[in-house]
Every structure is written in structure tokens, then in C-alpha cells.
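J.: Generate coordinates for the sequence data below:
(4 chains)
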There are 2 protein chains.
Amino acid sequence: MTNNHSTDTKNDIPDIVIGRLPIYLRTLKLLQSEGKEVASSQELGERLGISSAQIRKDLSHFGEFGKQGTGYNVAYLCSQLEKILKVDCIWPVVLVGAGYLGHALASYNGFEDRGFRIVAVFDTDPEKLGKRVGPLRVEHPRAIPDYVRSHKCQIAIIAVPAEAAQEVANTLIEAGIKSILCYAPITLTVPKEIRVEYIDPVIHFQHMTYYLEKHCLDE
Amino acid sequence: MTNNHSTDTKNDIPDIVIGRLPIYLRTLKLLQSEGKEVASSQELGERLGISSAQIRKDLSHFGEFGKQGTGYNVAYLCSQLEKILKVDCIWPVVLVGAGYLGHALASYNGFEDRGFRIVAVFDTDPEKLGKRVGPLRVEHPRAIPDYVRSHKCQIAIIAVPAEAAQEVANTLIEAGIKSILCYAPITLTVPKEIRVEYIDPVIHFQHMTYYLEKHCLDE
DNA sequence: CCTTGTGAATATGTTCACAGCA
DNA sequence: TGCTGTGAACATATTCACAAGG
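T.: The predicted model follows:
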């Protein structure tokens, strides 16, 4: 038996470990779809560019999922990770912003398999109101509070221009949203109990260029 | 004077520090646009949810940019960070994939201000060939090698379905691409000198749900 | 054999706290 | 006084290396 989790309220497991679990899950599901039934920490590590020891240690925080001499049963480990991450169900997500990015997100059909569904789209632009975005219709942001409360949504995506993002965040938080995925290139100011994660491709590009040789167009 | 950098070939500065510089830059530019001329590490830290000591220490790797008693000159620090990150110019980026996401990326006009321009779009779909995507026209991927070489592109975006991503990556790397931003939900296998960064919203969602209370739709 | 799970050792990252300068 | 830059102290994360099990 592993260390007992009897006194686990929650936060003794490092956030950085939690952050890797979705990667493991994504890869295990791929292995599963390739028909692989068993995988060792080494195989998984090679696939991911991570050491096998790290994978074993990460998993050991939650239990003993492997078999010595064999490795991990792929389907079983998948199901365990889904349970740990609470993605053995579908979470409703609201989307604010019906521009190109909003369309891309609302039309993407890779969410459901992994535990999420975009259930509503909001945008202030009167031109867009009532128009189709993926399988949904654009609603006015004034409908956000009622919608979020009645559907018990806890997750929102912000896909509006930077100038509007903070105000949208305030509205969402006021409505009861607990976690935000922000595509606007700005750091939001939020109460500490609200979790915000960011996606900004330029941050990645600027990280890359540090290591590249400068062969670029003049400004 | 700071520690001398005379023997800096490159890699004594931790990657995690480099990764924060783009965030600092993004925020400093915002402060600048708000008319702020000077900012202390504390102000910046509060805005970002980072300790002031960390910001000072991060910057100290590259030189002494501040003034005691005053703080940092915003415009000056911006220009220094741009120089360090090599984004005081425009880098050409090629995009593979002209689906909804490709359209969103190609149409986004927030790249140029921050050092990047999407200069070409490729997609295998014959339906899309020659069609407009943002300001560009879709070309066949067979044109990738010539294009990348003649335009000295070092950065590419992969915005194709997961099944096609590895093959696209191989083509790009063969053509001379050095860094890839991958939107496909898959870990690519690449030579160690190639840098790959990933954007997958579901990874963020699954990280969030660990901390949320489970109130979700049944599977 | 091969591979897990895990303490101990190492490596890396962050914060403290203060000297020194404007 | 108010802030930077920075060693030293502390905290966190990763890897090593091996006992134990199939």
C-alpha cells in the first residue's frame, strides 16, 4: 500500500505534478487507440521526453497503478487518471467572444472525448447576436449570470480582445465561474480563489526566439 | 556592474527565467500604453501575481536595468527585453493548417506589434488551395521546403488534426524549421535540437478540474 | 530477467533580508 | 526614504539507485 491519503484534504500534491497528469492521459489514450494494452514508465517517458522516474513518482502520489516486471495497464491507468482529474464526465464550459477564435473553439469537436463541452457563446457585437457559431447561437453577455448559475458552469473561456477581457472576467466571476482559460494577451486581476490559465501564442514565440539565431525581417 | 557575461555562450540562464520575460514584456508594454513611465518591481509583481524579488532576480541575469529608490524606466526596460528576446524585429512564421484555427491565427492582427508575422499558409485539402486565409492564400505543403529555405523561416505553427501532425512536423524539420508551436493534441517526436511548444486548451481544463468540485454532466 | 515504488541524494528555483545607492 | 541587486537560507523538484515482486 502507498502512503495513506486519509488526511488528504487536497493540497499536499504539488501543482506541477497535477499539471503533468493531463499529458500522461492524452498519451495513454493515444497508446490505447493504437491497441497497446500495457506500457512501462520508460516507454511513456521516451514518448514524452520525460524521465521514467518522474512518471513513476508522479503516479505514486495517487496510488499503485503498475505491476513490477510488466508496467501499467493502459486502459486501467487511463480510467484512474480520468477519475483523479475528474474528467470521467462532461463539464460544461461557457465561451465569451465569437470572433475567429471563438468560432474555432466552438466548432472544435475534440472536447467531448476529453471531458468538456462548450454549452453557450456570448458576444456584445449586435451583428453577431443570434448567429450560429459551431452548433450554438450567440447570446448577449447580459445573459451570462443566469446561464452560469442555472447550468452550474464553473469553467469559462475568454476569447475577446485584450481591452475587454478584464471586464468580461469580472462578469464571469460575479456570475460564479471558478476557472478561466484566457486567450486575451493580458494578465487578469482576480480574487485568489479563482484560477486563471493563459494561452498566448506570442509568449511561446518570444520564448523560442531567445534560442534562435537572429535572421529576421527588419522592424 | 553585474556579473560579467564574457563567457556566456548561452545556457547558464535558466529556461524558466526566459519563459517569464515575455510576460514581463507584455505587461510593461501595457503599462507604457497607459502612460506609465516608471515601474517598481513591486508594482509589476502585484500586477502579475509574482514576488518582486523574483522579478529583480530574473532581470539581474541580464544586467542592471533599474534605479534604486525609483524603479525601472518602462520604455527602457521594454527595449532591453525586446533585445534580449530578439523581438526588436519581425520574425516570419509559416502556418500549416487552414481550418478554423488556421483562419483565426492568420487573421489575428496582434502578432506584428510583438515581433511576428505569418507569411504563408499551407494545407493539403484541394478545396482550400488558393483560397484566402486572412491576407494570404493557401498553398500546397509540397511548397514548404522551398518556401522555408528561401525565406529563412525558423518558426512554424502546426494547426492540423492530431493524425497529420507528426508528418507535418517531419516535413517542416526537414525543410529547416527550428521551432514549432503545435496546436495538435499530441506530443511530437523530434530531434533534440528542435524546440516544440504546445497549446492544447484541454490540458488546461483538465488541470482546472482537479481543483473544482465535481458538478458536471454525466458521460 | 524486467519494472515498479520510494527513500536518499542532488539539482533547481524562490524568497529573505540587507548593503548600498539615488 | 524607497528601491535595486544579490548572497545566503530555504523550499521544491528531479534523479539516482535499489529492495522487492511478478
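
J.: ok, the residue positioned nearest the centre of chain A - contacts?
T.: Closest to where the C-alpha atoms of chain A average out (CA atoms, centre = their mean) is A:Leu181, at 7.6 Å. Contacts for A:Leu181 were tallied using CB atoms under 8 Å, 6 or more residues apart in numbering or on different chains; they are A:Ile155, A:Ala156, A:Ile157, A:Ile158, A:Val196, A:Glu197, A:Tyr198, A:Ile199, B:Pro201, B:His204, B:Phe205, B:Met208. C-beta: built from backbone N, CA, C; applies to glycine.

J.: For the buried ones among the residues you listed, write the corresponding ChimeraX selection.
T.: Buried subset of those, written as a ChimeraX selection, criterion 16 or more other CB atoms under 10 Å in any protein chain shown:
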select /A:155,156,157,158,196,198,199 /B:201,204,205,208
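
J.: for chain A, what's the longest helix?
T.: Using DSSP state H, we find that the single longest helix of chain A is helix A:15-33.

J.: Is the next helix or strand after that helix in proximity to DNA strand D?
T.: The C-terminal neighbour of helix A:15-33 among helices and strands, as given by DSSP states H and E, is strand A:38-39. No: contact of strand A:38-39 with DNA strand D (CB under 7 Å from any atom of the strand) is absent, the minimum separation being 12.1 Å.

J.: contacts for the next helix or strand after strand A:38-39?
T.: The first helix or strand that comes after strand A:38-39 along the chain, using DSSP H and E, is helix A:41-48. Helix A:41-48 is touched from outside by A:23-24, A:27-28, A:31, A:50-56, A:59, A:66, A:71-72, B:187, B:189, with contacts defined as CB under 8 Å, 6+ apart.

J.: In strands, which of those fall?
T.: Members of the contacts of helix A:41-48 lying in strands (criterion: DSSP state E): A:Gly66, A:Gly71, A:Tyr72.

J.: who wins for neighbours among the residues you listed?
T.: Counting by other CB atoms under 10 Å in any protein chain shown, A:Tyr72 has the largest number of neighbours within the ones in strands among the contacts of helix A:41-48, with 25 neighbours.

J.: Does the residue nearest to the centre of chain A belong to a helix, a strand or coil?
T.: strand (DSSP: H, G, I helix; E, B strand; the rest coil).

J.: Beta-bridge partners for it, please?
T.: For A:Leu181, the beta-bridge partners are A:Ile157, A:Glu197 (DSSP bridges).

J.: Identify, from the ones in strands among the contacts of helix A:41-48, the entry nearest to DNA strand C.
T.: A:Gly66 (3.0 Å; CB to the nearest atom of the strand).

J.: Just confirm that closest one contacts A:Gln80, I think it does.
T.: No: here A:Gly66 does not reach A:Gln80: they are 10.7 Å apart, not a contact under CB atoms under 8 Å.

J.: got the contact list for A:Val38?
T.: Counting by CB under 8 Å, 6+ apart, A:Val38 touches A:Thr70, A:Gly71, A:Tyr72, A:Asn73, A:Val74.

J.: Likewise for A:Gly115?
T.: Neighbouring residues of A:Gly115 by CB under 8 Å, 6+ apart: A:Glu82, A:Leu85, A:Val87, A:Asp88, A:Cys89, A:Ile90, A:Trp91, B:Val202, B:Phe205, B:Gln206, B:Thr209.

J.: Chain A: helices as residue ranges?
T.: Under DSSP H, chain A gives helices at A:15-33, A:41-48, A:52-60, A:74-85, A:100-107, A:144-150, A:162-175, A:201-211.

J.: one step back: so which of the ones in strands among the contacts of helix A:41-48 would count as near DNA strand C as well?
T.: Within these, those near DNA strand C by CB under 7 Å from any atom of the strand are A:Gly66, A:Gly71, A:Tyr72.

J.: Distance to A:Leu129 added to the residues you listed, as CSV?
T.: Formatted as CSV, those follow (distance: CB to CB, whole Å):
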residue, distance to A:Leu129
A:Gly66, 53
A:Gly71, 53
A:Tyr72, 50
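
J.: In TSV: those, plus pLDDT.
T.: What follows is these, written out as TSV (pLDDT from 0 to 100):
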residue	pLDDT
A:Gly66	97
A:Gly71	98
A:Tyr72	98
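
J.: Domains in chain A, by residue range?
T.: A:15-85, A:91-204 (automatic domain parsing).
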